[in-house]
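**Student:** pasting a predicted model and its sequence here:
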Amino acid sequence: EVIDAALHHHSDLDIARPYTVIVQIADALSATRPGARRDTLERYLRRIEDLEKIAASFKGVDTAYAISAGREIRVIVKPELITDEEAKNLAREIAKKIEESMEFIGQVKVTVIREKREVDFAR
């Protein structure tokens, strides 16, 4: 059973044993972790930096942080420059640019945060 799982875990054909499916699932999950598939720390850090640079290149972006091993980018915008509707469109534009200019496994979640606070005091 172990030999069968090792030989066939990259193939959808001839899955005769349940261990093969378990190994396929484990292989798919492990491929998304940082450093998987012989990814060097340097390439991993470059990918994180590239995500942040792409997001920061858009008008109205204050800061951008890649989190969750590069599976999510949180983009904080300047509320005086970006409306709520523009924030929604910005998330899609950033996602499209990431799709066009980067290679990655799985998906990258783009979260645009627009927050404006008004503070006053009752005396």
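**Tutor:** Sure, I can see it.

**Student:** wait, residue 66 sits on residue 73?
**Tutor:** Yes. At 5.1 Å, residue 66 and residue 73 qualify as touching, with contact defined as CB atoms under 8 Å. Quick note: C-beta positions are derived from backbone N, CA and C, even for glycine.

**Student:** the two: which is more packed in?
**Tutor:** Comparing residue 66 with residue 73 by other CB atoms under 10 Å, the one with more neighbours is residue 73, at 24 against 21.

**Student:** for that one, give me its contacts.
**Tutor:** 51-52, 55, 64-67, 94, 98, 108-111 (CB atoms under 8 Å, 6 or more residues apart in numbering).

**Student:** if we use 7 Å, what do you get?
**Tutor:** Residues in contact with residue 73 (CB atoms under 7 Å, 6 or more residues apart in numbering) are 51, 55, 64, 66, 108, 110.

**Student:** where do the contact lists of residue 66 and residue 73 overlap?
**Tutor:** Shared contacts of residue 66 and residue 73, counting by CB under 7 Å, 6+ apart, come down to residue 51.
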